[in-house]
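Got a sequence here, can you model it:
(one chain, ligands or ions: 1)
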Amino acid sequence: MIIDPLVSAFKSQFYPEVTDEEWCNWRWQLRNRIRDLEGAERIFSLSDSERSAIQKRQGLLPLGITPYYAALLDREDPLQGLRRTKIPSLDEFEVTGDECEDPLGEDAHSPLPGLVHTYPDKVLFLVTDFCATYCRYCTRARMVGGGEFLPEKSMWEKALDYIRSHTEIRDVLLSGGDPLILSDDRLEWILSRLSDIPHVEFLRIGTKVPAVLPYRITDELLSLLKKFHPLFFSIHFSHPDELTMEVRDACNRIADAGIPMGGQTVLLKGVNDDPQVMKALNQGLLRVRCKPYYLHQCDPIQGSAHFRTSIAQGQEIIRSLHGHTTGYAVPTYMVDTAGGGGKVPVGPDYVLGRDGDYVTLTNFEGKNTRYWDPI
Ligand SMILES: *Cc1c(COP(=O)(O)O)cnc(C)c1O
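From the prediction side, this is the model:
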């Protein structure tokens with residue numbers, strides 16, 4: 001059992017009766033999530049805006065924070081980045097500009113509940129609407145946490161039939177909600193059926209569990225997952241403060257199980273839209289063998305203006321990384337487009353223009369060179 005000293009100090013203060021054994025039990029963590037005003041007020045000094053937002057919440061994304069993750073949030077400061085990503089404020093009720101419930105048009109590309117088939121050879125399989133901890137900027141805020149689709153085998157069977165009959169699908173990305181909150185048995189049920197499909201050659205699990213509930217990454221889970229290679233994890237990380245001792249240990253054991261990890265980060269105003277923060281996060285991920293994969297522009301879901309940055313700011317962050325640190329630490333910056341157009345890599349661009357048979361390139365230091373490239 002590994003408990004970070006910071007987490008341990010929090011536990012002694014707010015959960016003095018709880019044994020280390022219970023604390024490190026992922027089911028205990030799920031059962032004891034902070035889910036309402038009373039739970040939040042026991043730990044945090046809430047601002048008026050946070051208190052009203054928790055009271056007002058109706059039909060919107062629920063409040064849900066594992067006690068483990070609560071230890072990483074500032075108890076006093078409502079403006080701390082990580083706290084803003086988990087505790088709602090009244091900003092969430094301000095709908096502006098182009099914001100909508102389903103900005104990616106996923107529903108239009110959904111042949112069945114729980115399946116999104118936007119690209120030719122890969123499919124997104126939403127196996128549950130439940131997460132260990134809800135992120136306020138969730139791109140699927142419209143559907144998660146409401147219990148609208150519980151993990152039901154009858155729903156999964158239909159999705160599996162679709163994948164079986166579409167032989168062009170070679171890549172299945174399990175997401176949700178968070179697939180890793182399913183029991184080992186259920187995960188095995190889904191993964192073994194998928195791996196029995198001859199044309200499915202690549203499996204991925206999109207998850208934030210290693211960051212918000214690292215105790216879920218048990219040796220039993222890993223020995224089960226190992227049977228389904230090639231299996232990759234895409235892990236959602238937001239900030240270097242998430243890389244506690246137990247998270248680093250979980251990632252190292254995931255890597256030891258032969259599961260390659262890609263990091264996925266949503267660019268968030270006041271949370272991680274800072275070159276130093278992003279560099280620390282991405283370098284920290286490399287140290288635990290997780291390759292920063294995508295930096296996502298925050299999707300324009302309803303009430304997300306307080307989290308969104310301009311595309312130019314995201315490009316500046318990539319510029320601050322490329323050439324200035326290990327290439328593996330530089331993710332691809334993606335904007336997911338409206339109406340199901342899919343993800344678009346948006347640079348920054350190092351090709352400045354063309355002059356006859358030469359193109360002008362700019363390097364990481366901003367020095368321009370002409371490169372012979374006849375048409
Ligand atoms: C992001 C996404 C994928 C996976 O895309 P990659 O670029 O291969 O990581 C698949 N389907 C949908 C609908 C997606 O949004």
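
and the end-to-end length of stretch 19-39?
End-to-end distance for stretch 19-39: 20 Å, by Cα to Cα, to the nearest Å.

mean confidence for that stretch?
Stretch 19-39 shows a mean pLDDT of 97.

which residues touch it?
The contact list for stretch 19-39, computed with Cβ atoms under 8 Å, 6 or more residues apart in numbering, reads 1, 3, 11, 15, 18, 40, 43, 46, 51, 54-55, 62-68, 70, 132-133, 181, 213, 215-216, 218. (Glycine included, C-beta is placed from N, CA and C.)

Which of those residues fall in strands?
Among the contacts of stretch 19-39, the subset assigned to strands under DSSP state E is empty.

Which of those are buried, as a ChimeraX select command?
Remark: buried members of the contacts of stretch 19-39, expressed as a ChimeraX selection using 16 or more other Cβ atoms under 10 Å:
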select :3,11,15,18,40,43,46,51,54,62,63,64,65,66,67,68,70,132,133,181,213,215,216
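
among the contacts of stretch 19-39, which are in helices?
11, 40, 43, 51, 54-55, 67-68, 70 (DSSP state H).

In JSON lines: those, plus distance to the ligand.
As requested, these are exported to JSON lines (distance: Cβ to the nearest ligand atom, whole Å):
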{"residue": "11", "distance to the ligand": "36"}
{"residue": "40", "distance to the ligand": "32"}
{"residue": "43", "distance to the ligand": "34"}
{"residue": "51", "distance to the ligand": "35"}
{"residue": "54", "distance to the ligand": "30"}
{"residue": "55", "distance to the ligand": "34"}
{"residue": "67", "distance to the ligand": "31"}
{"residue": "68", "distance to the ligand": "27"}
{"residue": "70", "distance to the ligand": "29"}
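
and stretch 161-168 with the ligand, contact?
No. Judged by Cβ under 6 Å from any ligand atom, stretch 161-168 and the ligand are separated, with a smallest distance of 12.8 Å.

buried stuff in that stretch?
Buried-residue list, stretch 161-168, by 16+ other Cβ under 10 Å: 162-164, 166.

Next: stretch 130-148.
Residues of stretch 130-148 classed as buried by neighbour count (16+ other Cβ under 10 Å): 130-145.

The residue of the stretch 151-300 of the chain found nearest the ligand: neighbouring residues, count only.
For the stretch 151-300 of the chain, the nearest residue to the ligand under the criterion Cβ to the nearest ligand atom is residue 173, separated by 5.2 Å. Neighbour count of residue 173, defined by other Cβ atoms under 10 Å: 18.

Please identify the helix or strand for it.
If you go by DSSP states H and E, residue 173 is part of strand 171-175.

Quick one: list the elements packing against that strand.
Helices and strands touching strand 171-175, by 3 or more Cβ pairs under 8 Å, 6 or more residues apart in numbering; DSSP states H and E, are strand 122-126, strand 202-207.

Just the angle for that strand relative to strand 122-126, thanks.
Interaxial angle, strand 171-175 versus strand 122-126 (axes from the mean of the first three to the mean of the last three Cα atoms, to 10 degrees): 20 degrees.

Strand 202-207 and strand 171-175, what's the angle between them?
Using the same axes, to 10 degrees: strand 171-175 against strand 202-207 is 20 degrees.

Provide the strand pairings for strand 171-175, with the direction of each partner.
strand 122-126 (parallel), strand 202-207 (parallel) (DSSP bridges).

now these in JSON lines, with mean pLDDT, distance to the ligand and mean neighbour count?
Converted to JSON lines, the strands paired with strand 171-175 look like this (pLDDT from 0 to 100; distance: least, Cβ to the nearest ligand atom, whole Å; neighbours: other Cβ atoms under 10 Å):
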{"stretch": "strand 122-126", "mean pLDDT": "97", "distance to the ligand": "4", "mean neighbour count": "22"}
{"stretch": "strand 202-207", "mean pLDDT": "98", "distance to the ligand": "8", "mean neighbour count": "22"}
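
For the residue in the stretch 251-375 of the chain that the ligand sits nearest to, what is the enclosing helix or strand?
Ranked by Cβ to the nearest ligand atom, the top residue of the stretch 251-375 of the chain for proximity to the ligand is residue 343, at 5.5 Å. Using DSSP H and E, residue 343 sits in strand 342-345.

So which elements touch the helix or strand following that strand?
Per DSSP H and E, the first helix or strand lying C-terminal to strand 342-345 is strand 351-355. Other elements packing on strand 351-355 under the criterion 3+ Cβ pairs under 8 Å, 6+ apart are strand 358-362.

Extract the C-alpha set from the host helix or strand of residue 30 and format it as CSV.
Here residue 30, judged by DSSP H and E, is contained in helix 26-31. Once non-C-alpha atoms are left out, helix 26-31 reads as follows in CSV (Å, rounded to 0.1, in the frame of the first residue of the first chain):
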residue,chain,number,x,y,z
TRP,A,26,-11.2,1.4,-4.7
ARG,A,27,-14.7,0.4,-3.8
TRP,A,28,-14.5,2.2,-0.5
GLN,A,29,-13.3,5.3,-2.4
LEU,A,30,-16.3,5.1,-4.8
ARG,A,31,-18.8,4.5,-2.0
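
Could you list the contact residues of this protein toward the ligand?
So the chain meets the ligand at 116, 118-119, 122, 124, 173, 343 (Cβ under 6 Å from any ligand atom).

Adding distance to residue 374, write those out as JSON lines.
As requested, these are exported to JSON lines (distance: Cβ to Cβ, whole Å):
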{"residue": "116", "distance to residue 374": "43"}
{"residue": "118", "distance to residue 374": "38"}
{"residue": "119", "distance to residue 374": "35"}
{"residue": "122", "distance to residue 374": "37"}
{"residue": "124", "distance to residue 374": "42"}
{"residue": "173", "distance to residue 374": "41"}
{"residue": "343", "distance to residue 374": "33"}
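
Let me know the closest of these to residue 261.
Closest approach to residue 261 among the residues of the chain next to the ligand (Cβ to Cβ): residue 173, at 14.2 Å.
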